[in-house]
Each structure stands twice: as structure tokens, then as C-alpha cells.
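Asks: Structure, please.
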Amino acid sequence: MYYFSTRSKNFKFTFTETVFEGLAPDGGLIIPETIPVLSSEVIKSWSKLDYVNLAWEIIKLYAPELHPDDLKKILEKSYQVFRHKEIAPVVKVGDIYILELFHGPTFAFKDIALQFLGNLFEYLLTNTGEKINILGATSGDTGASAIHAVKSKENIAIFILYPHNRVSSIQALMMTTVLDPNVHNLAIEGSFDDCQRIVKELFMDHTFKKTYKLTAVNSINFARILAQIVYYIYTYFRVSELEKKREVRFSVPTGNFGDIFAGFIAKRMLGTGIERLILATNENDILARFVNKGDYSVGRVIPTISPAMDIQVASNFERYLYYLLGEDSEKTAKAMQEFQEKKRLSFSEEEVKIVQRDFLARAVSQRETLETIRDFYEKTGYILDPHTAVGVKAGLTFKEKNIPLICLATAHPAKFPETVSQALGRSFTLPPEIESLTRKPQRYEVLEADSNEVRAYIQQRALI
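Replies: Numbers count the residues shown, from 1 in each chain. So this is what the prediction gives:
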């Protein structure tokens, strides 16, 4: 298995190179040369596996150069820190299923991929003796998950950019209270899109990237996508067995298109099984407009109560675009150049029909999000975080009687206590790990939304 850029077949990568490269030299995202389609025999043999062993089987397909025994150890180490023995349990709540992805160290779904990626980095660096500097942007959860995955690890420094005062207080504390010397939190005076732009600009400075051995930890790193494929297939097996149904639907709250893209690959791997993926967005609705109207045009970022989705430029969209355009890298490169110049792409009626074979989509307002948290709790006693509430509201919009609906719970409600308390009309008990954060010291730097300022900061503190 080799990997290529979405924009050119001239760049060929091994899995190890893909892990460290992050973004391809031409600015494209890295994708596997093929998506394996599972036979009915394989599906049957995998359907009873526990989470770690299923992850082992799936990841082996994409990372054949890793020794299987070493990969198993990496996975066991990554998931032994989770609070639930199933890692990603699925629970029936009312007449839908909730896939709980928040049982990792930072109470967010990003832990599932980033605990794996952090241990994978450590394993590969031990073999080479090299050092890396991780550079990432976060709209809330990625930064904390990445920091907790690599804090105190040798040969790794991490620089995380996040929009100053535009993530929840708990999300910020989960980053800024980590005082390990290899951790650098940069609060950027701007939006998440500004943070993401700076990261891409620095990765496109090839001399700077090579000199400081920059590595991506955002979902532009395919290893993260790979780890997320697992819970779609794992959950499909569980729910299809419980419901005795051949097809299910997943509702996915998404802003950067990474999590739902992992679902798209899982859908392709299964062949049949995932009927469609419901793309749930907040008022920053660029992805919903793309699915429903073929309109992928940048608007103004609207700050909302589901801040991880306050995004107008979805970094993983290019990967799906590559498949939509028939895996044609030249067409993809041309389209992304047009998007860079015009800040919009339009799609034909036929292309929209192709998209809608894979996706349904709905944008959910902040009022609807609060109402969903309140109403769902009153009906079921289950508390949703605002992002999961967006997914539940969109999912219920498209619920069909004979197709089980699985909504991804991407964060624990305790990460958004102000919003959840507002919706419920009362406070609720926080887990002790979260409640204690407010009493810990913090360390972070506030910088302007300027790539040169961030570059200078990294130059002074990077491992070389």
C-alpha cells in the first residue's frame, strides 16, 4: 500500500512517510492508492472482534510495513487509558443509538485517533532517533487530545494554535493546564480558519518545514482518519446484529469533514452496510450547502455554542473532492486552485446527485441546539453536548423506520457546562477530572493571526 497526493501522482509515500509528512509538498492531502473493499467472509470473521483487534485488522491493511506485533502493542497502549472497556460503546437511547466517543483522557472523540497517533510517533521516532515538531490548529478538542497524547514524550515538541476566547473554557483549560516543557499553546487573535490558514502556510514553506521537521496532527494527517474508520465499522457490526438489519445510518456533527470522511471510507470498505451518512453542521453551513445545493462557498465565520464546528473552510473536503471527481488529481488540483482564487466552487446537478448517494445534510441553529439538549434530556434522561445535539437534531430529521440511526457523541457534555446548563435550566455535576481543571495553573501565549509571528515563536522553541 502506497499513498499519493490528491493533486498529483508524482508524489509517492510509504505509510511511515505519510504519518510524518502530513501535507503533500504540492499542497494536496495524502490519500491511499486504494480503499480495500472487504469480502463477505472477512466481514463475517471480523464482526465479533473487540475494538483493539478490529483496529489491528483494519490498520494492517493500510500500514503493511508496520510489524503486526508492534502495531498490536501500539493499539493496546493507546486504548488502555480509556475509561470504558469497549473504547467506543454504543448505547440505545429512546429509539436511536448514541455512539459514545468521549471516554478518552480529554473526554472527546479526538482521543481515539490521537492516542494512537501519539504512540505511533513515539514508536517510529524510537526506531530512527529523530526529533519532530508537531504543528496543529484546533477549534476546541483536537488540541487537548493531541497535547495529552504527546506530553512528556521524548523527541517531540507540540505547538497548538487555537482561536483566543473562541473555544469553551473547559476546552481551553484542557490545553493550557498542561505545563510539560514540550507543550506550547498559542492563543491566536482570530478565528479557527485563521489558525488553520497559518498552519497551512507554514507547511507550504518547504524549507521551514524541513528545517524544523514539522509534522501534522490535524485531520490532514491520514493516520488520524485511519484510526477513526475503526469505530464506524465496529459500531455497524454491533447495531446491525442488535437490530437484525443490513443497513444503518450515521449522523455526524462535523466542521472540518475529517470525521465524516472516515465514515465515507468505512462505507466504501463495507460495500453495503452504511446506507448514508448524515452530515450535521451548525450555522456555519458550507458543508450542508455543498450536499444540498452543490454550493461550496466561503461565508463569514459565525461564533456559536458548538464552537468546534465554527469553520468555513473544511480542510478534509479536498479528500472527498478527489473521489467525487473520479480520483482525477489534475481535476482536483484545478478545482482547489479555483477555490483558492474565488473562495467558491459550484457543482453540477449530476455531481450533486452523486454526493447525495453518500450524504444527507442539515444545518442546525443555536436555538434548535439548545432545544434538542433540553427536549432529549426530558424524554430520555440523557445529556447531550452541543455538538452531539446538532448531530441528533439532524439525524432525527432524516430518521427512517427501518434503518437504525446512530448519532456520534463527539464530546462529553461536561466540556460545555455553560451551554448545557443554559439548555437544561440547571447546573449538573462535572466529572472530577474536569472540575479540578479550574484550580490548576495555566501557560499559554497570545499571538496575532500572523504566520510570521508564529514562525518566529516556533524557531525559538522547536526541537532540532
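
Asks: immediately after whichever helix or strand residue 418 is part of, which helix or strand?
Replies: In this assignment (DSSP states H and E), residue 418 forms part of helix 417-424. Remark: after helix 417-424, the chain's next helix or strand is helix 432-435, criterion DSSP H and E.

Asks: Can you list the neighbours in contact with that following helix?
Replies: 107, 170, 412, 414, 415 (Cβ atoms under 8 Å, 6 or more residues apart in numbering). Heads up, the C-betas are built off the backbone N, CA and C, glycines and all.

Asks: Which of these sits closest to residue 92?
Replies: The closest of those to residue 92 turns out to be residue 412 (Cβ to Cβ; 18.8 Å).

Asks: Could you give me the buried positions within the longest helix along the chain?
Replies: Of all the segments of type helix in the chain, defined by DSSP state H, the longest one is helix 222-243. Residues of helix 222-243 classed as buried by neighbour count (16 or more other Cβ atoms under 10 Å): 222-240.

Asks: So for it, mean pLDDT?
Replies: Averaging pLDDT along helix 222-243 gives 97.

Asks: Note down every partner strand of the next helix or strand after that helix and its orientation.
Replies: Moving toward the C-terminus from helix 222-243, the next helix or strand (DSSP H and E) is strand 248-253. Neighbouring strands of strand 248-253 in its sheet, by DSSP bridges, are strand 274-281 (parallel), strand 405-409 (parallel).

Asks: Need those strands in a markdown table (columns: mean neighbour count, mean pLDDT and distance to residue 206).
Replies: Shown next, in a markdown table, are the strands paired with strand 248-253 (neighbours: other Cβ atoms under 10 Å; pLDDT from 0 to 100; distance: least, Cβ to Cβ, whole Å):
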| stretch | mean neighbour count | mean pLDDT | distance to residue 206 |
| --- | --- | --- | --- |
| strand 274-281 | 25 | 98 | 33 |
| strand 405-409 | 26 | 98 | 36 |
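
Asks: Show me what the helix holding residue 418 is packed up against.
Replies: helix 366-380, helix 386-397 (3 or more Cβ pairs under 8 Å, 6 or more residues apart in numbering; DSSP states H and E).

Asks: what about residue 157, which helix or strand?
Replies: Short version, using DSSP H and E: residue 157 is in strand 156-163.

Asks: Kindly export the next helix or strand along the chain from that strand (C-alpha atoms) in CSV.
Replies: Sequence-wise, the next helix or strand downstream of strand 156-163 (DSSP H and E) is helix 169-176. Extracted in CSV, the C-alpha atoms of helix 169-176 (Å, rounded to 0.1, in the frame of the first residue of the first chain):
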residue,chain,number,x,y,z
SER,A,169,-13.4,27.5,28.9
ILE,A,170,-13.0,23.7,29.6
GLN,A,171,-11.5,23.1,26.2
ALA,A,172,-9.0,25.9,26.8
LEU,A,173,-8.1,24.6,30.3
MET,A,174,-7.5,21.1,29.0
MET,A,175,-4.7,22.6,26.9
THR,A,176,-3.3,25.4,29.0
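
Asks: For whichever helix or strand comes after helix 169-176, which strands pair with it and how are they oriented?
Replies: Once helix 169-176 ends, the next helix or strand along the chain (criterion: DSSP H and E) is strand 183-189. Note on strand 183-189: by DSSP bridges, its sheet partners are strand 156-163 (parallel), strand 445-448 (parallel).

Asks: between strand 183-189 and helix 169-176, how many degrees?
Replies: 140 degrees (axes from the mean of the first three to the mean of the last three Cα atoms, to 10 degrees).

Asks: Could you give me the buried positions within whichever helix or strand comes after strand 183-189?
Replies: Where DSSP H and E defines the elements, the next helix or strand beyond strand 183-189 is helix 192-204. The neighbour-count check on helix 192-204 (16+ other Cβ under 10 Å) flags 192, 193, 194, 195, 196, 197, 198, 199, 200, 202, 203 as buried.

Asks: which SS state does residue 44 fall under?
Replies: Secondary structure for residue 44, judged by DSSP: H, G, I helix; E, B strand; the rest coil, is helix.

Asks: ok, now how distant is it from residue 236?
Replies: Residue 44 is 13 Å from residue 236, where distance means Cβ to Cβ, to the nearest Å.

Asks: Please tell me I have it right and residue 149 contacts residue 120.
Replies: No. The criterion here is Cβ atoms under 8 Å, and residue 149 misses it with residue 120 at 9.7 Å.

Asks: more neighbours, these two?
Replies: Neighbours were counted for residue 149 and for residue 120 using other Cβ atoms under 10 Å; residue 149 has more, 29 against 25.

Asks: Quick check: closest non-adjacent residue to the more buried one.
Replies: Leaving aside its sequence neighbours, residue 149 sits nearest to residue 118 (Cβ to Cβ, 6 or more residues apart in numbering; 3.0 Å).

Asks: Check whether that neighbour really touches residue 146, as I assumed.
Replies: Yes. In this structure residue 118 lies within contact range of residue 146 using Cβ under 8 Å: 7.4 Å.

Asks: What lies in contact with stretch 94-105?
Replies: Stretch 94-105 is contacted from outside by 81-84, 87-91, 108-112, 115, 145, 148, 231, 235, 239, 250, 376, 379-380, 382, 385, 388, 392, 395-396, 399, 404-412, using Cβ under 8 Å, 6+ apart.
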